[in-house]
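*Asks:* I'd like to go over a predicted model; first the sequence, then the structure.
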4 protein chains.
Amino acid sequence: MRDVSLRADAARNRSSLLTAAVEVFAEQGADAPISAVAARAGLGKGTVFRHFPTKDDLIAAIVLDRVDRLTRLAAELIEAPDAGAAVLEFMRHAARQRQRLDLSFLAADLGVEVGEAQLRMSLAITALVDRARAEGALRADVTGTDVMLLMCVPNDVVKHVPDARPDLWERYLAILFDGLRPEGARPLPPF
Amino acid sequence: MRDVSLRADAARNRSSLLTAAVEVFAEQGADAPISAVAARAGLGKGTVFRHFPTKDDLIAAIVLDRVDRLTRLAAELIEAPDAGAAVLEFMRHAARQRQRLDLSFLAADLGVEVGEAQLRMSLAITALVDRARAEGALRADVTGTDVMLLMCVPNDVVKHVPDARPDLWERYLAILFDGLRPEGARPLPPF
Amino acid sequence: MRDVSLRADAARNRSSLLTAAVEVFAEQGADAPISAVAARAGLGKGTVFRHFPTKDDLIAAIVLDRVDRLTRLAAELIEAPDAGAAVLEFMRHAARQRQRLDLSFLAADLGVEVGEAQLRMSLAITALVDRARAEGALRADVTGTDVMLLMCVPNDVVKHVPDARPDLWERYLAILFDGLRPEGARPLPPF
Amino acid sequence: MRDVSLRADAARNRSSLLTAAVEVFAEQGADAPISAVAARAGLGKGTVFRHFPTKDDLIAAIVLDRVDRLTRLAAELIEAPDAGAAVLEFMRHAARQRQRLDLSFLAADLGVEVGEAQLRMSLAITALVDRARAEGALRADVTGTDVMLLMCVPNDVVKHVPDARPDLWERYLAILFDGLRPEGARPLPPF
DNA sequence: AATGAATGAGGGTTCATTCAT
DNA sequence: CATGAATGAACCCTCATTCAT
């Protein structure tokens, strides 16, 4: 009973830390000190290291969480009736994540676990995109990898606009998605 | 003549430093140590300081150079016969710069000089884009600011792909530019 | 009790650091490197920062300690039966502090806290001096401020004598105090 | 003819540098950068080192100048009719030098030349003081060394008073000199 | 002889990480 | 388990000094 409760505590702390880290890194960038994360979570600095032996581990955990979330989303959307709308919906979700951990969350050096998660996400997105393409909702020469690479663009772009309206990213998602549609598509350079 | 040669030495060093800094920052990110830049340039650490009193000054110099280059390019292209092709050419150039100092080079806190240069670039791009739009080469609801924000995307996107072919960015420029064309354009959310 | 012991450790270190800093600054001047202080205290460089976020904070802490000590001393001596002897005693104590942080500890830019402490000290000294003057133990035209400015002189003077006997400062305190006595006093230029 | 003019140039530069150094060190302290001295003198940094191979050499030169000046002054005053007034005059001169190179100009590690100059000054002052003491203008137990050590006190003391009237040092010279007079003198601790 | 560019040692400060309590 | 004190590597920056021009 006791260690159960302890584990509950630990799990709660781990979760607080992840939340705090996402916030802090979003606000201050990924080079924010660990102490800031600890403070935000209302915990001691040492506790962060108990849960994440390394700062990189903490970042990896954040990315893992995010990637898995997107994988699940893609898996759900695969059953949507309108595949094109599903891809758009997927990109909308990806872009909405107002986290400063931008495209770099695709970085290669985040450990095996994250790598595997990225692979799973890649497969799920590819499935989604393949279906949309088959239905003619996307241009013929676009792949799941393309979508994966592009999905953060709206958010990234907007990050550098001071005082932007919070939904400005939708504008760039729209432009981008128009570029993914079959209408008026010109042949793409190879991948 | 003599003091010219003196300055020639210094100017060459300054230029070496800028080149080295672009390379190093591209490889390691903008938080690479100044000493790495100095080493790459084959110069002493103190020499960097002599030319750029602050690391921020160094970064600002890089950005200033890049921005001014783009401004000049836009100014030249304004006279091109095909305005749409000119915008594409402009974006191609912007995307080709293999520098990790990505979109963030639009950041606000780089000093007045850079701010003014950014404004000049913004005006030049807007002129270019306005003309292309007037000719029907771009969708009716796209602005110079949009292009300015999007021009680095191809490069940014590709940076996270390990072992990518060096011209992969062209693929994403093509997608993006298709999104900027009038064909199949659906109305955009406001800026 | 336990966290008391934790704090006891930290407090001991803080105190070691202050002691070490006083010694090192006395020997090498206030521009001695922080690392020297740390080494003298047998602690890591970072520990100094933990306790005193800035070198100036460390200096301010030393000065604050010294000023408060003198304020307490003056407050005690105000009840002494012989006010003239009390002032002499006070100056003796002030001069005895073998610290190279000499008169400059009256410098203005040490932060509010030190400023307030200096004010308190000033008031306490003035009270002491006023009483002594009223009793005829000091010349009529001397003020607390004068004493405050002069109290470090014996120590300062002696610091430049190589191989001086350790109590040489008493000689100059005697001369100085004779100058503060009413006997043979000639009118002073104004403050 | 030419190298004569060159030497004249050099001598003028040397003198400019000394003046500039005195000013700069007085304003910013002795840790002011050499470049500040060079700038003040309107010369290049390298020229400073041509004249004074080391910063310490520059400081030594300043001190040497000052010490010799005081030696000459003492030598002149030895012939004054009123020996007591002569000592006071001497101290007045010493105190008037508004230079931040305070008492520390007695420091031991300034090189042989300065050491010898200090010795000469010491002898000259001692002669002056001995005569004044013999005439009963100074207390019987005061020595030339005492005066040498005390002569900078007025200036030192005042340096720490913000917004002091420029002649405030006279006040402390008066107090000090009253302490050196025979009236009311109490026996001194030994040297 | 003068200049100022180049150098690199050294100082203050930050922060990931370890560890005693 | 949690805490936060201690640590030291690493960074930016300053400046005395050297040296090519």
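*Replies:* Received the coordinates, thanks. Residues are numbered from 1 along each chain as shown, chains lettered A, B, ... in the order given.
*Asks:* hey, let's count contacts and neighbours off CA atoms from now on
*Replies:* OK.
*Asks:* which helix or which strand is home to the residue nearest the centre of chain A?
*Replies:* Central residue of chain A (C-alpha atoms, centre = their mean): A:R66, 4.7 Å from the mean position. Using DSSP states H and E, A:R66 sits in helix A:55-77.
*Asks:* near chain C at all, stretch A:42-52?
*Replies:* No: Stretch A:42-52 is not in contact with chain C by C-alpha under 8 Å from any C-alpha of the partner chain; minimum separation 14.2 Å.
*Asks:* can you tell if that stretch touches DNA strand E?
*Replies:* Yes: legend: contact between stretch A:42-52 and DNA strand E by C-alpha under 7 Å from any atom of the strand is shown at A:K45, A:G46, A:F49.
*Asks:* what are the buried residues along that stretch?
*Replies:* A:V48, A:H51, A:F52 (16 or more other C-alpha atoms under 10 Å in any protein chain shown).
*Asks:* how far does that stretch sit from its chain's centre?
*Replies:* 24 Å (C-alpha atoms, centre = their mean, to the nearest Å).
*Asks:* tell me the mean pLDDT for it?
*Replies:* Averaging pLDDT along stretch A:42-52 gives 95.
*Asks:* how about it and DNA strand F, any contact?
*Replies:* Yes: Stretch A:42-52 is in contact with DNA strand F by C-alpha under 7 Å from any atom of the strand, via A:L43, A:G44, A:K45, A:G46, A:T47, A:R50.
*Asks:* thinking again about what came up before, in CSV, list the buried residues of stretch A:42-52 along with secondary structure.
*Replies:* Putting those into CSV (DSSP: H, G, I helix; E, B strand; the rest coil) gives the following:
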residue, secondary structure
A:V48, helix
A:H51, helix
A:F52, coil
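*Asks:* sorry, back to before: which parts of the helix holding A:R66 are buried?
*Replies:* In helix A:55-77, counting by 16+ other C-alpha under 10 Å, buried: A:58-64, A:66-68, A:70-71, A:73-75, A:77.
*Asks:* ok so, going back, tell me the one among the residues of stretch A:42-52 next to DNA strand E nearest to D:L110.
*Replies:* For those, the residue nearest D:L110 by C-alpha to C-alpha is A:K45; the value is 50.8 Å.
*Asks:* tell me which element the residue in chain A that chain B sits nearest to falls in.
*Replies:* Per C-alpha to the nearest C-alpha, A:G179 is where chain A lies closest to chain B, at 3.5 Å. Using DSSP H and E, A:G179 falls within helix A:168-180.
*Asks:* quick check: mean pLDDT across that helix?
*Replies:* 96.
*Asks:* what's the angle from the longest helix seen in chain A to helix A:55-77?
*Replies:* Longest helix in chain A by number of residues, with DSSP state H as the criterion: helix A:2-28. Helix A:2-28 runs at 90 degrees relative to helix A:55-77, counting by axes from the mean of the first three to the mean of the last three C-alpha atoms, to 10 degrees.
*Asks:* show me what counts as buried in helix A:2-28.
*Replies:* Buried-residue list, helix A:2-28, by 16+ other C-alpha under 10 Å: A:10, A:13-14, A:16-18, A:20-26.
*Asks:* any chance of these in JSON lines, with pLDDT too?
*Replies:* Output for those, formatted as JSON lines (pLDDT from 0 to 100):
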{"residue": "A:A10", "pLDDT": "79"}
{"residue": "A:N13", "pLDDT": "86"}
{"residue": "A:R14", "pLDDT": "92"}
{"residue": "A:S16", "pLDDT": "92"}
{"residue": "A:L17", "pLDDT": "94"}
{"residue": "A:L18", "pLDDT": "94"}
{"residue": "A:A20", "pLDDT": "95"}
{"residue": "A:A21", "pLDDT": "94"}
{"residue": "A:V22", "pLDDT": "92"}
{"residue": "A:E23", "pLDDT": "92"}
{"residue": "A:V24", "pLDDT": "93"}
{"residue": "A:F25", "pLDDT": "91"}
{"residue": "A:A26", "pLDDT": "87"}
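*Asks:* which member of those residues is positioned nearest B:D82?
*Replies:* A:A26 (42.1 Å).
*Asks:* which regions of chain A sit below the pLDDT cut-off?
*Replies:* Within chain A, the stretches with pLDDT under 70 are A:1-6, A:98-103, A:106, A:108.
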